[in-house]
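# Quick check, what structure comes out for this input:
(3 chains)
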Amino acid sequence: MKKNKKKNFNLILGTVLLAITLIPAFVGLFWTPYDPEAMNSSLKLAGVGIRHIYGCDNFGRDIFSRIMAGSGITLLVAVGTVAFGSIIGTAIGAFTGYFGGIVDEALMRINDVALAFPSLLLALVMVSLLGTGKYQVMLALGIAFVPSYARIVRSEYIRIKNLDYVKAAKLAGASNLRIMFVHILPNTKTVLLSSVMIGFNNAILAEAGLSFLGIGVQPPDASLGRMLSEAQAYMFSNPGYVLFAGCTIVMIILGFSLISKEIR
Amino acid sequence: MRYIVKKILSCIITLFIVSLLVFVAFALIPGDPALSRLGTNATESALISLRHQMGLDQPMAVRYFKWLVGALRGDFGMSYSYSMSVTSMIADKLPITLTLMLYSMVLMVIISVPLGVYASYKEGTVIDRIIQIINQIIMAIPPFFSGILITLLFGVTLKLFTPGGFVSINRDPVRFFGFMFFPALAIALPKSAMVLNLLYSSLNGEKKKDYVRTAYSRGNRSKQVFFSHMLKNASIPTITFLGMALADMIAGSIIIEQVFGIPGLGRILLTSIQNRDYPVVIAIIMLIACVVIISNLLVDIIYRLVDPRVE
Amino acid sequence: MMLLISLMATALSACAGGKAGSADADSLITIGIPQDLDDSLDPHIAEGAGTREVLFNVFEGLVKPNSNGDLIPAVAESYSINEDGTVYTFTLRKNVKFHNGAKVTVQDVKASLDKCAGTGSDEPLVAAFSAVSAINTPDESTIEVVLKESDTDFLPNLTAAILPADHLDASVDPIGTGPYKYVSRSPQENIVLESFDDYWGEKAHIKNVVLKIVPDGDTIVMNLEGGSIDLMARLSTTQAAQLSDNFDIYEGTMNLVQAVYLNNAVEPFNNTKVRQALCYAVDIQEIMDFVSDGKGTETGSSMFPAFGKYYVKELNDTYNTDIEKAKQLLSEAGYPDGFEFSITVPSNYQQHVDTAQVVKEQLKKIGVTANINLVEWDTWLNDVYIGRNFEATVIGVDASTLTASAMLGRFVSDSGKNFINYNNAEYDKIYNEAFTSTDDAVRTEKYKECEKILSTDAANVYIQDLPNMVAVNKKFGGYEFYPLYVMDFSKLYVK
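Below is the predicted model:
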């Protein structure tokens, strides 16, 4: 009883946090109170107020509108990254896990290498090869995320391929591809789903980190990390700017981790 | 013993592959390091002679082999931007980053272990809940934001340190360590939250085990059971985590160095990537790879020594 | 007959106005600089203005500029120019020593100038030295620089640094004759200089100068307030406004021409009408309002006010913001719906980054989409300046010497520094006439004509000479502005 209450509490809190952050982000794709890029010199570093609830930045741009648009870009990058990483990673993991052999050995060796690196570092190297910008960041992070998915899916395939039902399907004459994607894949979904959840949080963190370092999303595109690094310059004159941008990131991460904790 | 030898061999092969991949990747990027060193008005003949001097006119395989031979002797070539040896550049910066990491490692243990033990001891009470909630929030703070918050609180408001006021250890060791406390804290905080969480749940897991139940049922709720048995068993996964956290902390330190303006390895790596000073980038990546792979190896070995059942 | 110009070095020592005697052994000032000197420490190779402003204190040429922009003898004691401007004769100053203790000889001077002229190879290392035909040393105290053609305006080029003949590569361990000597560097951390005890002129007041690299504009204010740097130049007005009254703020100009420099060789900027349309679309006052609270000096061409007679104020009005006109020009050029391009900006210069963002907003009004691409300084040098692989960039171009050719020479179509690939036969012709003219009035007129061509042809979208806010901790005094992009550390003193 007590356990359930706690579970609900986490779930409710997580949902509330995500609602506060994600609903404006989705709305921001279509509409923002002000044009997030429109400058107004009379509103430079304006404080919190009724018209501009989070105040304005150094160009007189509405911070709330920018956070709406920025969360959108951050989420877009995260979705792209996880989609790329999980699809390619699953494909690699499925083939190597199912067939094994030398290709498996070689790929897993490379995979171990890639996993040895912190994903941010891997992304850093990738960005230096690919260039900066939101699509490059998506690709760079996506590639950096492939190894972890490949490893998870591969071990699932190795486990499942020796189960009786797979052997039965083989005897029944099902093709390898059919067994891999019709018979085995659906059974990896629980493992895959939870790693997608975690991956999503990691992607948000990685994007924010890269953009914070100035090599991710480029201005005037507003991603949360980029805004945070811009806001740092005005920590004295407008500390609200730093706090609003940073807290949005924290709320998204917290929301996802609370929910995924309870789903597991 | 055979296991360890096999592991070490596989680590060496892994490092070799890393070096090959990294070297080839960076050699393929367009751009002429000779041109960027000589400037706009360089003559063609000067360029050719510099390319020759830098060995850029040789096939990639030869260049890689030469680099490898040099690297094995600790010579990673010359930096393009600074015309100084990469090894001395890294040797200059390594102590800074190493201090930062050790410092944060120590802080992490100091913060997380007592709190984790305490929370588990008080499981179910209000204090436990409060610690859990705060912990959950801290875990969600990315390291750069914790850096900014620490700067805002301790640097700007309380004026306990000068943001960006890094002092090298040779000039003033006291101020150096005083300053480094804050970036180390920024790295340690989110990681401590994770360690705390891990320690807490493995301690609670231990509580349900038979030996503890037996001890408890006999009325032995003493600290001795807690510390000498439960904590010892619960510390195994924690130590593993600390080993793995090392890799993350390297990545974290790159960002934290940027937030606090510390001229360490991370800063050099970042500027070298952007300046396309590849000898430096390759050397630092190899260094990080070595640290990560060796620490993973150590964790593996320790794990096996502690628990022989592990495959 | 020889026209003899001889100036006395004693004029220098009168400047300090009785402040502080010789350097106190413990005195130390930490000066913030926005980027490491990673192009080169070699004064003949260094391209970055930020590098040259530091090396100014370490190296000297036969002559060097003072804070009025006049050239005063340095390594040379006096000089003369023959009447038709083909032979420059210098008398070596007797007591000049290099930082390694060796005395400067005419051989050192000859070797240094030969290095610039690229004697023995096919091209000069320093472009202006292509005009030199020979460097002679008739006796142990005389150097003659013989030019191929008459040029009475060549003297500023002889500010080129003099290095020891046996240490001509200064990229690792620079040795010069300036008031400060190089001690050490730590990449991305600092560069340490120390005053040179055997300096021939008035010695520096502060013994130790540490140049701390502060690449993050965000931390400048905190660095200053926290005492980890004592002086920082080129602050933005926002940063200056955040400082407490522990600091003196000096206001000058940066002495550069900030513009959206356009690569004239790529579509669509090879079309004059497109370039003009951009000029009409940009509102310079608004840029100044955003970037520096309305401060700044408008420039209409590649020349800034410190140049005095060469600066043509009227060119500021070639284009006044006119959106309709801009749209019309765009459709005439075949881009009625606008186009998309990218602006590459070095991320360490906040003013340029900010300007680019304002320009992007302004160009939206004529349907043109600008994407901003932030890069590291060294990448900018390699890709944009050297590699010329860019569409547009916001940067400030300064003059290495106070000659009109230093600003205008780069737009000659075959110049090695013509990073915008400007190609205009008429410009080349008039520039050449100006360059070879011996009559100062004619020369000035021709140079002004060049500026006019750049303006009407809209070679670039000219913006402004940025305001230069210098914050100096009240513990120190003696900061002096130069009409060039330099900082003179030797004048600074502890109050």
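
# which residue ranges form the helices in chain C?
Ranges of helices within chain C are C:10-13, C:49-55, C:106-117, C:220-225, C:237-242, C:272-281, C:284-292, C:323-332, C:350-364, C:377-380, C:404-408, C:425-436, C:440-456, based on DSSP state H.

# Dump those into TSV; add mean neighbour count as well.
Quick note: C-beta positions are derived from backbone N, CA and C, even for glycine. Output for those, formatted as TSV (neighbours: other CB atoms under 10 Å in any protein chain shown):
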stretch	mean neighbour count
helix C:10-13	12
helix C:49-55	21
helix C:106-117	22
helix C:220-225	26
helix C:237-242	20
helix C:272-281	24
helix C:284-292	21
helix C:323-332	18
helix C:350-364	23
helix C:377-380	23
helix C:404-408	24
helix C:425-436	16
helix C:440-456	19
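
# Switch the ones you listed over to JSON lines; also include distance to C:Phe476 and mean pLDDT.
Below are the helices of chain C laid out as JSON lines (distance: least, CB to CB, whole Å; pLDDT from 0 to 100):
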{"stretch": "helix C:10-13", "distance to C:Phe476": "20", "mean pLDDT": "35"}
{"stretch": "helix C:49-55", "distance to C:Phe476": "17", "mean pLDDT": "88"}
{"stretch": "helix C:106-117", "distance to C:Phe476": "33", "mean pLDDT": "92"}
{"stretch": "helix C:220-225", "distance to C:Phe476": "12", "mean pLDDT": "84"}
{"stretch": "helix C:237-242", "distance to C:Phe476": "17", "mean pLDDT": "83"}
{"stretch": "helix C:272-281", "distance to C:Phe476": "42", "mean pLDDT": "94"}
{"stretch": "helix C:284-292", "distance to C:Phe476": "24", "mean pLDDT": "89"}
{"stretch": "helix C:323-332", "distance to C:Phe476": "48", "mean pLDDT": "93"}
{"stretch": "helix C:350-364", "distance to C:Phe476": "24", "mean pLDDT": "91"}
{"stretch": "helix C:377-380", "distance to C:Phe476": "27", "mean pLDDT": "78"}
{"stretch": "helix C:404-408", "distance to C:Phe476": "31", "mean pLDDT": "87"}
{"stretch": "helix C:425-436", "distance to C:Phe476": "42", "mean pLDDT": "90"}
{"stretch": "helix C:440-456", "distance to C:Phe476": "38", "mean pLDDT": "91"}
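
# Just send those helices back as TSV, with distance to chain B too.
Formatted as TSV, the helices of chain C follow (distance: least, CB to the nearest CB, whole Å):
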stretch	distance to chain B
helix C:10-13	31
helix C:49-55	11
helix C:106-117	10
helix C:220-225	4
helix C:237-242	11
helix C:272-281	23
helix C:284-292	23
helix C:323-332	32
helix C:350-364	15
helix C:377-380	4
helix C:404-408	14
helix C:425-436	18
helix C:440-456	20
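
# residue contacts, the closest residue to chain A within the stretch 51-200 of chain B?
When scored by CB to the nearest CB, the stretch 51-200 of chain B has B:Ala140 as its residue closest to chain A, at 3.8 Å. B:Ala140 makes contact with A:Val250, A:Met251, A:Ile253, A:Leu254, A:Ser257 under the criterion CB atoms under 8 Å, 6 or more residues apart in numbering or on different chains.

# 6 Å instead?
Counting by CB atoms under 6 Å, 6 or more residues apart in numbering or on different chains, B:Ala140 touches A:Val250, A:Ile253, A:Leu254.

# Distance of it relative to A:Gly72?
B:Ala140 sits 20 Å away from A:Gly72, going by CB to CB, to the nearest Å.

# same thing with B:Ile301?
As judged by CB to CB, B:Ile301 and A:Gly72 stand 47 Å apart.

# Next: B:Lys208.
For B:Lys208 relative to A:Gly72 (CB to CB), the value is 45 Å.

# How about B:Val18?
Distance from B:Val18 to A:Gly72, counting by CB to CB: 37 Å.

# low-confidence ranges in the chain?
No chain specified, so I'll use chain A. A:1-7, A:116, A:220, A:263-264 (pLDDT under 70).

# I was after chain C.
Residues of chain C that meet the cut-off, pLDDT under 70, sit at C:1-23, C:121-122.

# Which residues of chain C lie near chain A?
Contact residues, chain C versus chain A (CB under 6 Å from any CB of the partner chain): C:Gly217, C:Asp218, C:Gln242, C:Asp289, C:Phe290, C:Ser347, C:Gln357, C:Glu361, C:Ile372, C:Asn373, C:Leu374.

# from the residues you listed, which two are the most distant?
C:Gln242 and C:Asn373 (28.6 Å; CB to CB).

# how about the residues of chain A near chain C?
For chain A, the residues in contact with chain C (CB under 6 Å from any CB) are A:Met39, A:Ser41, A:Phe59, A:Gly214, A:Gln218, A:Pro219, A:Pro220, A:Gln232, A:Ala233, A:Phe236.

# One more pass at 8 Å, please.
Chain A comes close to chain C at residues A:37-39, A:41, A:44-45, A:58-59, A:132-133, A:214, A:218-220, A:229, A:232-237, as judged by CB under 8 Å from any CB of the partner chain.
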